[in-house]
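S.K.: Here is my input, please return the structure:
(chains A and B)
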Amino acid sequence: MNSKNWDNAHENNFLKSFEIDRLWSVFSYGPIFWGARAISYQPEEEILESATEPFQLIDNISKGNILLKGLETSSSLEVDLPESAWFVDANRKIIIGSLKPLLSRDLTGVMGSWQRKLLPPQWTVKEKFNEVFKKIGHIATLESNWDSYGSKPIEKDCISRGISILKDLLQWREEAGLKITAPFVAPLSNGGIQFEWEKGTRYFEVSILPKPPVINYLAMDEAPEGELVVEGSLKSQAGLKDLLYWFNDGAAERLTEAWKMMTERSKHSQDEYRNNPR
Amino acid sequence: MNIETIRDEDELYRRVAELWIKESGKLSSAAFQNSSGTDEMSAELARLTTPQATALHKTNFGVASFLAGVARELNQEVFHSPVSENYAHSTVKGRKTGSIRKKLVKKSTLILLPASKIS
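M.R.: Prediction:
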C-alpha cells in the first residue's frame, strides 16, 4: 500500500472490508507515512514499544492494547491516549482504533477529531465467524416444532454441510483473498439451514436442504434495467466461489457473468457439491 | 365454521421465530418457508386476530404482516382455512422458491418483535 494513496476512500473501504465500525479511525504510522493524519508522525518503534501487552493475531490484523502519545491538542502539549483495544496491521503500517485522550496532565481541552466516542473492542472477521459457528451449535439443538408450525429438528447432515461451507469460506479468505463476511444463519422449518449475506443492493442466500440433500442458492441485485435474480442448485465448490466473488465486489452485470461461468462449469462437473465439496 | 373471503387488501400475519430476525432487525427469508413436506404456509387473517394472539402470547415470537394481494402476485393461492382452535388460520399455498420468499420479506413488515430483539 502506497501511503500517498491512503485517503479517505481507502480508509472507508478498509473499514468496510473488515466490518469495522465506522466510528473507528485508521491511522498511518512509520516510515511509509506521507500526509497529515493525526499521530501519523509516530515512529514505528515507538508505537510498537508502547504496546502494553503482546499483540494477539486475529485474522490478518493484530489486536492488542497500546499506549499512544500524540501532539495534536489545543495546547500542543503531549497527551497520553488511553489504553484501549487497537488493531494494528503491520503490513499496511496502520492502526485502527478510537481516540479519546486522557486529560490527566495539565491539559484542559483537546481539539477536533481526538474527541471520539470510546467504543468497546469490536469483532474481527474470525470472531464473527465464530459467532456463526456458535449459532449453528444452538440451531443443532432445536427440538421438533421450534417454529410452532410443526417444524422438524435440524438434520445433522445439514449442520455438517453448513460447517463445511463455512470452513471453505475461511479457507478462501486466507488462500484466495476472498474477503467474504460472516453470514447470517437461520434454521429452516424442513430441517435445513440457510446462510444469508446482504450488502447494499446485493443479496446472496444458500439453503442447505435435507431431503433431497441439495444446496440451493439465490443471488439478487438491482441493475439499471431492473432486478436481477439468479437461483438454482449448487453443483460445485467453484460455483459457490464465483457467486461469492460477485457478491463481494462485483457489479450487477457480474452476477450474470458468474451465473454463466457456473453453468458452464456444472456441465463439466460430475460431482454435486454435496457429494464432493472439496 | 364460516369461511371468509380474503381480499387482496386483507392483511395476513405470520408468526416468526426469533432465530429468523437479524441483528439489523431485518427478517430472514427462512420465515416464509412452506410447512415441511407440503406446499402450504400457515398465516392468520389479521382482521380476525391480534398480533399478540398470532405470537401465541409468547415473547420469543415476533409477527410479520403482509398483504394477501402481494402473495397472490407471487403466484400463491391465499384462502381462509380455520381450524378448531384458531378461526383466523389461513393458508398461503404454492411453491416458494428462494426469490419468492425473499420478495415476501421485502413486502412484509415486522409488527411485533420478540422480547430478545427489543433494544
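S.K.: I'd like to know the phi and psi angles of residue A:220, please.
M.R.: The phi/psi pair for residue A:220 (degrees, to the nearest 10) reads phi -130, psi 150.
S.K.: what do you get for residue A:195?
M.R.: Residue A:195 adopts backbone torsions of phi -110, psi 140, taken as degrees, to the nearest 10.
S.K.: Tell me who's in contact with it.
M.R.: A:162, A:165-166, A:183-185, A:205-206, A:208 (C-beta atoms under 8 Å, 6 or more residues apart in numbering or on different chains). From N, CA and C alone the C-beta is placed, and that goes for glycine too.
S.K.: can you pull the contacts of the residue of chain B at minimum distance from chain A?
M.R.: Across chain B, the shortest distance to chain A (C-beta to the nearest C-beta) belongs to residue B:98, at 3.3 Å. Residue B:98 makes contact with A:205, A:207, A:216-218, A:231, B:29 under the criterion C-beta under 8 Å, 6+ apart.
S.K.: which SSE is the residue in the stretch 1-150 of chain A positioned nearest to chain B in?
M.R.: Here the stretch 1-150 of chain A gets closest to chain B at one residue, residue A:147, 4.9 Å apart by C-beta to the nearest C-beta. For residue A:147, there is no helix or strand it lies in under DSSP states H and E.
S.K.: Report pLDDT for residue 110.
M.R.: In the absence of a named chain, this looks at chain A. If you check residue A:110, the pLDDT there is 37.
S.K.: let's do chain B instead
M.R.: 94.
S.K.: what's the spacing between it and residue B:14?
M.R.: Going from residue B:110 to residue B:14 by C-beta to C-beta, to the nearest Å gives 10 Å.
S.K.: Residues that sit against both of these two, list them.
M.R.: Common contacts of residue B:110 and residue B:14, defined by C-beta under 8 Å, 6+ apart, comprise B:63-65.
S.K.: Which ones among the residues you listed map onto strands?
M.R.: If you go by DSSP state E, the shared contacts of residue B:110 and residue B:14 have B:63-65 in strands.
S.K.: Which helix or which strand is home to the spatially closest residue to residue A:232 that is not a sequence neighbour?
M.R.: Counting by C-beta to C-beta, 6 or more residues apart in numbering or on different chains, residue A:217 is the residue found nearest to residue A:232 once chain neighbours are left out, at 6.5 Å. Element membership for residue A:217, per DSSP H and E: strand A:215-223.
S.K.: Work out the sheet partners of the helix or strand just after that strand and label each with its direction, please.
M.R.: On the C-terminal side of strand A:215-223, the nearest following helix or strand under DSSP H and E is strand A:226-233. Here strand A:226-233 has these sheet partners by DSSP bridges: strand A:215-223 (antiparallel).
S.K.: Pull the partner strand out as PDB, backbone CA atoms only.
M.R.: Only the C-alpha atoms of strand A:215-223 are listed here, as PDB (Å, rounded to 0.1, in the frame of the first residue of the first chain):
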ATOM      1  CA  ILE A 215     -27.800 -26.800  -1.700                       C
ATOM      2  CA  ASN A 216     -29.900 -24.100  -3.300                       C
ATOM      3  CA  TYR A 217     -28.700 -20.600  -4.000                       C
ATOM      4  CA  LEU A 218     -30.400 -17.300  -4.600                       C
ATOM      5  CA  ALA A 219     -28.500 -14.200  -5.800                       C
ATOM      6  CA  MET A 220     -30.300 -10.900  -6.300                       C
ATOM      7  CA  ASP A 221     -29.200  -7.400  -7.300                       C
ATOM      8  CA  GLU A 222     -30.500  -4.200  -8.700                       C
ATOM      9  CA  ALA A 223     -29.500  -3.200 -12.200                       C
END
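S.K.: contacting residues around the residue nearest the centre of chain B?
M.R.: By C-alpha atoms, centre = their mean, chain B has its centre lying nearest to residue B:14, at 2.1 Å. Residues counted as contacts of residue B:14 (C-beta under 8 Å, 6+ apart) are B:31-32, B:41-44, B:54, B:63-66, B:108.
S.K.: Kindly report the same for residue B:99.
M.R.: Contacts were defined as C-beta under 8 Å, 6+ apart; by that measure residue B:99 touches A:218, A:220, A:229, A:231.
S.K.: Residue B:25 now?
M.R.: Taking C-beta under 8 Å, 6+ apart as the contact definition, residue B:25 lies against B:110, B:113, B:117.
S.K.: Just the buried residues from these, in ChimeraX please.
M.R.: Entered in ChimeraX, the line below selects the buried ones among the contacts of residue B:25, by 16 or more other C-beta atoms under 10 Å in any protein chain shown:
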select /B:110,113
